[in-house]
Structures are given as C-alpha cells and as structure tokens.
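*Asks:* Need coordinates for the below:
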Amino acid sequence: MNVVYKEFGLVRQDLIIMALFMGSDYTPGVKGIAAVNATEIITCFGSTKEDLEKFRDWVSIEKQIVDQSTYV
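*Replies:* Below is the predicted model of the structure:
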C-alpha cells in the first residue's frame, strides 16, 4: 500500500472508489470511466461521500449545459 501511495498518491479509500467507478465483480461501474479517469476524478474531487456528491452535481450541471447547447 505504501508503494501505491508514493507512486500515485492514493490511499485505501481512493482505491475502493476507483473500483466502484471502474466496476468489479460486485458493481457494474460507470460507463466510460477507466483507471485514468477514476484517478483524475479522485484527485480533483476527493473520495469521501461529500466529494462524490460534488462530482455528481458537477456531472449533472455539465449534462444540462450540453443538453441546452443542442437546442441552440
């Protein structure tokens, strides 16, 4: 675990969230998110419940902007 932290700056909680984003035997994952995307999300937003809610809100706002731009 120490090597992962030194190399990537990720702790155990971050790796758990990465597995949830990418999918595993127990979760389907999020379409289009792989290791690099998951790492970037965790680095930018964090890996606590509150951090992931901020990411969800950001994705929702981005989707609204894209949806609105298709009507222009």
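*Asks:* Now the longest helix along the chain: buried residues?
*Replies:* Longest helix in the chain, counting residues (DSSP state H): helix 49-69. Buried residues in helix 49-69, counted by 16 or more other Cβ atoms under 10 Å: 52, 55. No exception for glycine: its C-beta is placed from N, CA and C like everyone else's.
*Asks:* For it, what is the distance to the chain centroid?
*Replies:* Offset of helix 49-69 from its chain centre (Cα atoms, centre = their mean, to the nearest Å): 12 Å.
*Asks:* other SSEs contacting it?
*Replies:* Here helix 49-69 touches helix 35-45, going by 3 or more Cβ pairs under 8 Å, 6 or more residues apart in numbering; DSSP states H and E.
*Asks:* now with 10 Å?
*Replies:* Secondary-structure packing of helix 49-69 (3 or more Cβ pairs under 10 Å, 6 or more residues apart in numbering; DSSP states H and E): helix 12-22, helix 35-45.
*Asks:* List the contacts of it.
*Replies:* 17, 20-21, 30, 41-42, 44-48 (Cβ atoms under 10 Å, 6 or more residues apart in numbering).
*Asks:* Tell me the buried residues within those residues.
*Replies:* Neighbour counting over the contacts of helix 49-69 (16+ other Cβ under 10 Å) leaves 17, 20-21, 41-42, 45-47 as the buried ones.
*Asks:* Since that was my last question, I'll sign off now.
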